[in-house]
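Trainee: return a 3D structure for these sequence lines:
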Amino acid sequence: QVQLVESGGALVQPGESLRLSCTTSGSILWISTMRWYRQAPGKQRELVATITSGGSTNYAGSVKDRFTISRDNAKNAVNLQMNSLKPEDTAVYYCNAVLATVASPVGRDYWGQGTQVTVSS
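Mentor: Next up, the predicted model:
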């Protein structure tokens with residue numbers, strides 16, 4: 001059974017920083033692209049940042065130059081460093097990974113349960 005578990009969400013003030021982490025567990029054969037999404041109340045889930053297995057990254061325009069995605073391939077983990085946080089960054093942040101397992105070697109999307117980030121003064 002594969003699990004993605006996010007951590008690091010918190011209540012912070014505007015301008016502060018947070019680091020989200022997503023760890024994986026299970027009989028994983030390989031992980032390709034890993035992503036962070038977020039969903040604010042009443043809004044659709046949006047893609048925040050992407051990192052490929054080779055380390056190439058891409059960001060939503062609203063977070064570019066403030067957020068940094070990174071991954072630890074040895075630990076099958078992905079992180080999101082969020083700086084200069086704004087109230088509009090408030091959302092539940094979800095980790096997503098395309099991966100294959102022993103039981104399902106083709107590879108498919110897996111999601112974490114989400115972690116709440118609230119930016120408020």
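
Trainee: quick one: residue 104 is in a helix?
Mentor: No: assessed with DSSP: H, G, I helix; E, B strand; the rest coil, residue 104 is coil; it does not lie in a helix.

Trainee: contacts only, for residue 114.
Mentor: 6, 39, 92, 93, 94 (Cβ atoms under 8 Å, 6 or more residues apart in numbering). (C-beta placed from N, C-alpha, C; glycine too.)

Trainee: need the max-distance pair from those residues.
Mentor: 6 and 39 (12.7 Å; Cβ to Cβ).

Trainee: that older thread, drop anything exposed from the contacts of residue 114.
Mentor: Taking 16 or more other Cβ atoms under 10 Å as the criterion, what is buried in the contacts of residue 114 is 6, 92, 93, 94.

Trainee: save these as a markdown table, and put in pLDDT too.
Mentor: Output for the buried ones among the contacts of residue 114, formatted as a markdown table (pLDDT from 0 to 100):
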| residue | pLDDT |
| --- | --- |
| 6 | 97 |
| 92 | 98 |
| 93 | 98 |
| 94 | 98 |
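
Trainee: just name the closest of these to residue 57, please.
Mentor: residue 93 (16.4 Å).

Trainee: overlap in contacts of residue 6 and residue 39?
Mentor: Counting by Cβ under 8 Å, 6+ apart, the residues touching both residue 6 and residue 39 are 94, 114.

Trainee: closest one to residue 59 out of the contacts of residue 114, please.
Mentor: Of all the contacts of residue 114, residue 59 sits closest to residue 93, with 13.9 Å by Cβ to Cβ.

Trainee: so that closest one belongs to a helix, correct?
Mentor: No: applying three-state DSSP, one finds residue 93 to be strand, outside a helix.

Trainee: who does it bridge with?
Mentor: residue 38, residue 115 (DSSP bridges).

Trainee: my read: it touches residue 117, true?
Mentor: Yes: the criterion here is Cβ atoms under 8 Å, and residue 93 meets it with residue 117 at 5.5 Å.

Trainee: anything in contact with each of those two?
Mentor: Jointly contacting residue 93 and residue 117 under the rule Cβ under 8 Å, 6+ apart are 9, 20, 38.
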